[in-house]
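A.B. asks: build the 3D model from these lines:
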Amino acid sequence: MLPCTRLAGLLLASSLLYSASAAADSPTLPPSPPDQQWQPLFQEIQRAHLFKDQKTFADAVPNQDAGSLLAAWDSARSQPGYALPAFVAVHFSVPGDTAPYVPPAGETLRAHIEGLWPVLTRTTATVDPRGSLLPLPKPYVVPGGRFREVYYWDSYFTMLGLAASGRWRQVRDMVDNFAWQLDQYGHIPNGNRSYYLSRSQPPFFSLMVELLATHDGDDAYRRYLPQLRTEHAFWMRGAEGLAPGAASERVVRMNDGSLLNRYWDARAVPRTESWTDDLATAAKVPDRAPSQVYRDLRAGAESGWDFSSRWLVHPAELGSIHTTEIVPVDLNSLLFQLETTIARANRVAGERSAARDFARLAEQRKRAINALLWDERQGWYADRDLERGTPRPALTAAALYPLWLRVASPEQARRTAQGVQAQLLREGGLLTTTETTGQQWDAPNGWAPLQWVAVDGLQRYRQDALARQIGVRFLRTVQAVYDRDGKLVEKYVVDGSAGGGGGGEYPLQDGFGWSNGVALALLDRLCAEGKRCEGAGDVGE
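C.D. replies: Numbering: from 1, shown residues only. Below you'll find the model as predicted:
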C-alpha cells in the first residue's frame, strides 16, 4: 500500500493541481447558468410550461444582457396587455426542432452512419455570451435531437465510430476539446453548457487518450498527461485527511480506510434543464429536504444513468433517489482505468516515480473494488449502499465494467457472465437492469454504450459466445429499426419487439451519436476477418 505520508502528499498535490487548472487561462469566471442569471424570469417561464421540453428555454439566447433583460421584463409586466409568451418571442432566440435527416433510398446501415457524421458535426469556437452554450476551439460531434451540444461520456462511444470510419482528425479534435475544458474549467463538464458546469460525467477521458494512442502512438500519452492529472485531481478533491466512513464531494473514505468515489454535483437546486420536473419530484417527498433531492437528481445526471432504479430506494419512486449514498462500480472501474493510464503516461514521459505512485493507487483501488463492490454470494459486481454498508442486490449492466477495464479475476468474470446471461440477456441485446420502472435506464431498454462495454469486456475474459450473442442481437435490433424507420435512435427496447426505447423525461431522440459509433464498432468487431460488413445481415450468428 502507498505509505500514508506519500499518499497524503500525492492527494495534496492533486488538490493544488485541480485549483491551478481551474484557474488557468480563465481571465473571467465561467458564466452563470440561466436559472441564476435571469432569476426570477427564468422560473416564471419554466413554471408556465411555454415549451414541451424545458431544455428548450435553457438553451434560448436573450437579445440583451441579463440586467437589461430583467429591467425590460419588470417594465413590460406592469403594462396593459402583458403576455409572457409574447415577451419571450420578442426578447429571446429559441432553438427550433431539428429537421429529420432523410437518408438516400437503399443506403446500408454503415453508409447511413458514415453519412451522418457531417450532419452531427458542430463548430462553435465563438458563441453568444448571453446564452448558455460554451465555446469549444475545435469541431465536435453532437448526439442529435434535443442534444445540441457535446456530451462527455457519449463522445467516447461516438469516437469509436469515427475511428471505424477513419476519421482520426475528428477523434483528435474532440480529445483536444476535452483537454481544453480540463485546462479551462479544471474538469470536463457534463456538456458544453453553462448549466452543466457544476458536474461532470463518467470519466472517459483516459479511454479517449488510449483510443487515440492506437493511431498516434505514445505521443498521445505524453501530450495529454497534464490533463489526465487534472482529471484525477478533480475526482479526488477532498480526499486528503478524510476520516474513515466520511465523504467529501466525489470521494468516500470507506470504513477500512480505502478510497473510492461517488457521483456529486456542486449545486443543490433544481436542474436548469428540468426545473419544474425536479420541483415536482421533491414536492412528493416532504420528509426529505428538497436540496438533498435536487443534489441526488443532479448526481444521478452526472452518472449518465438518469434515471435508474440503481439510485432509488424504492424503484417506483424517483423521489427516493439517493445517488450520493451509493458507491458505483462503473465509476470506480473508470477511475482505476484513469490511474492506470496516468501511470503509463508517466512511464512514457520518463517520470518513473510518479508512474509508480499512480500504479500503486490503481492497485489499491482494484483491491477495494474487489473487496467492497464484489458480491460473493450472488456472484457479480454491484454498487455499494453506504447507509447499509452492503452491496445493492440487483444485477445491472454496470457489473460488466470491471471486466471491460480489467479489474476482475478470471473466476469473477466467469461468474459475472453467468449472472448476465441468466438475467440480462434478451432477444434484442443486453438489458440495462431487471427492473421495469418507467425510468429510461431500466428494463426493457438497452443502450449502445452498455452493449459495447459488455461485448469488449466479455471478450477480454474469453467469454466469447456470450459476447457475440449480445453484440449480434443488439445489431439486429438497430438494423430492424433502421430498416423500418430510416434512422438510429438514442436507446432501444431489447425484449424482442425491436423498437425505440421509452421512459424518462423526454421523447425518444433521433441521431444518434453513440448508437452510430457502437453500431460501426460492433460491425467491425463481429464481422468475419477480412470482410467488410455493411449491416447486421452480414455479421451472421
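
A.B. asks: host element of V472?
C.D. replies: Here V472 sits within helix 464-485, counting by DSSP states H and E.

A.B. asks: residues contacting Q292?
C.D. replies: By CB atoms under 8 Å, 6 or more residues apart in numbering, Q292 lies in contact with A268. Using the backbone N, CA and C atoms, a C-beta is placed for each residue, glycine as well.

A.B. asks: run through the residues that contact Q43.
C.D. replies: Residues counted as contacts of Q43 (CB under 8 Å, 6+ apart) are D35, W275.

A.B. asks: right, and the helix or strand after the helix or strand hosting it?
C.D. replies: Assigned by DSSP H and E, Q43 falls within helix 41-47. Next along the chain after helix 41-47, taking DSSP H and E as the criterion, comes helix 54-58.

A.B. asks: and that next one, what other elements does it pack with?
C.D. replies: Under the contact definition 3 or more CB pairs under 8 Å, 6 or more residues apart in numbering; DSSP states H and E, helix 54-58 sits against helix 34-37, helix 41-47, helix 275-283.

A.B. asks: the helix or strand following it pairs with which strands, parallel or anti?
C.D. replies: Proceeding N to C from helix 54-58, the next assigned helix or strand is strand 61-62, under DSSP H and E. Sheet pairing of strand 61-62 (DSSP bridges) gives strand 92-93 (antiparallel).

A.B. asks: and the contacts of the partner strand?
C.D. replies: F57, A60, V61, P62, N63.

A.B. asks: helix or strand right after it?
C.D. replies: Using DSSP H and E, the helix or strand that follows strand 92-93 in sequence is helix 109-119.

A.B. asks: residues of that next one that come out buried?
C.D. replies: For helix 109-119, the neighbour count (16 or more other CB atoms under 10 Å) marks L109, R110, H112, I113, E114, L116, W117 as buried.

A.B. asks: CA-only coordinates of that helix in PDB, if you can.
C.D. replies: Extracted in PDB, the C-alpha atoms of helix 109-119 (Å, rounded to 0.1, in the frame of the first residue of the first chain):
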ATOM      1  CA  LEU A 109     -26.600   0.900 -42.200                       C
ATOM      2  CA  ARG A 110     -22.900   1.600 -42.400                       C
ATOM      3  CA  ALA A 111     -23.300   4.100 -45.200                       C
ATOM      4  CA  HIS A 112     -26.100   5.800 -43.300                       C
ATOM      5  CA  ILE A 113     -24.000   6.200 -40.200                       C
ATOM      6  CA  GLU A 114     -21.000   7.500 -42.200                       C
ATOM      7  CA  GLY A 115     -23.200  10.000 -43.900                       C
ATOM      8  CA  LEU A 116     -24.400  11.200 -40.600                       C
ATOM      9  CA  TRP A 117     -21.000  12.400 -39.300                       C
ATOM     10  CA  PRO A 118     -21.100  15.700 -41.100                       C
ATOM     11  CA  VAL A 119     -24.700  16.200 -40.200                       C
END
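
A.B. asks: average pLDDT for that helix?
C.D. replies: Mean per-residue pLDDT for helix 109-119: 97.

A.B. asks: taking helix 464-485 as reference, get the angle to it.
C.D. replies: Helix 109-119 and helix 464-485 are oriented at 70 degrees to each other (axes from the mean of the first three to the mean of the last three CA atoms, to 10 degrees).

A.B. asks: next structured bit after helix 109-119?
C.D. replies: Following helix 109-119 toward the C-terminus (DSSP H and E): strand 121-122.

A.B. asks: give the pairing partners of that next one; include direction for each.
C.D. replies: Here strand 121-122 is paired, per DSSP bridges, with strand 140-141 (antiparallel).

A.B. asks: residue contacts, T477?
C.D. replies: Contacts for T477 (CB under 8 Å, 6+ apart) come out as G428, G429, G446, Y492, V493, V494, A498.

A.B. asks: give me the phi and psi angles of the closest residue to it other than its chain neighbours.
C.D. replies: Counting by CB to CB, 6 or more residues apart in numbering, the nearest residue to T477 once its immediate chain neighbours are dropped is G428, at 4.0 Å. Per-residue torsions, G428: phi -100, psi 10 (degrees, to the nearest 10).

A.B. asks: export the helix holding V472 as PDB, just CAs?
C.D. replies: Written as PDB, here are the backbone C-alpha positions of helix 464-485 (Å, rounded to 0.1, in the frame of the first residue of the first chain):
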ATOM      1  CA  ASP A 464     -16.700 -15.100 -26.500                       C
ATOM      2  CA  ALA A 465     -20.000 -16.900 -27.000                       C
ATOM      3  CA  LEU A 466     -22.000 -14.600 -24.700                       C
ATOM      4  CA  ALA A 467     -20.200 -11.500 -26.100                       C
ATOM      5  CA  ARG A 468     -21.200 -12.500 -29.600                       C
ATOM      6  CA  GLN A 469     -24.800 -13.200 -28.600                       C
ATOM      7  CA  ILE A 470     -25.100  -9.700 -27.100                       C
ATOM      8  CA  GLY A 471     -23.400  -7.900 -30.000                       C
ATOM      9  CA  VAL A 472     -25.300  -9.700 -32.800                       C
ATOM     10  CA  ARG A 473     -28.600  -9.400 -31.100                       C
ATOM     11  CA  PHE A 474     -28.200  -5.700 -30.500                       C
ATOM     12  CA  LEU A 475     -27.000  -5.100 -34.100                       C
ATOM     13  CA  ARG A 476     -30.100  -6.800 -35.300                       C
ATOM     14  CA  THR A 477     -32.300  -4.500 -33.200                       C
ATOM     15  CA  VAL A 478     -30.500  -1.400 -34.600                       C
ATOM     16  CA  GLN A 479     -30.900  -2.800 -38.100                       C
ATOM     17  CA  ALA A 480     -34.600  -3.600 -37.700                       C
ATOM     18  CA  VAL A 481     -35.400  -0.100 -36.500                       C
ATOM     19  CA  TYR A 482     -33.300   1.400 -39.300                       C
ATOM     20  CA  ASP A 483     -34.900  -0.800 -41.900                       C
ATOM     21  CA  ARG A 484     -38.400   0.300 -40.700                       C
ATOM     22  CA  ASP A 485     -37.900   3.900 -39.700                       C
END
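
A.B. asks: give the pairing partners of the helix or strand just after it; include direction for each.
C.D. replies: Downstream of helix 464-485, the first helix or strand assigned by DSSP H and E is strand 492-493. Looking at strand 492-493 with DSSP bridges, its partner strands are strand 445-446 (antiparallel), strand 499-500 (antiparallel).

A.B. asks: number of residues surrounding the closest residue to G257 other than its chain neighbours?
C.D. replies: Closest residue to G257 apart from its sequence neighbours, by CB to CB, 6+ apart: P244 at 5.5 Å. Per other CB atoms under 10 Å, the neighbour tally for P244 reads 11.

A.B. asks: can you check A72 too?
C.D. replies: A count of nearby residues for A72, using other CB under 10 Å, gives 17.

A.B. asks: any idea which helix or strand carries D128?
C.D. replies: In this structure, D128 sits in neither a helix nor a strand according to DSSP H and E.

A.B. asks: what about it, distance to Q39?
C.D. replies: Distance from D128 to Q39, counting by CB to CB, to the nearest Å: 20 Å.

A.B. asks: between the two ends of stretch 364-382, how far is it?
C.D. replies: One end of stretch 364-382 sits 18 Å from the other (CA to CA, to the nearest Å).

A.B. asks: show me which residues of it are buried.
C.D. replies: Using 16+ other CB under 10 Å as the test for burial, stretch 364-382 gives 364-366, 368-370, 372-375, 378-382.
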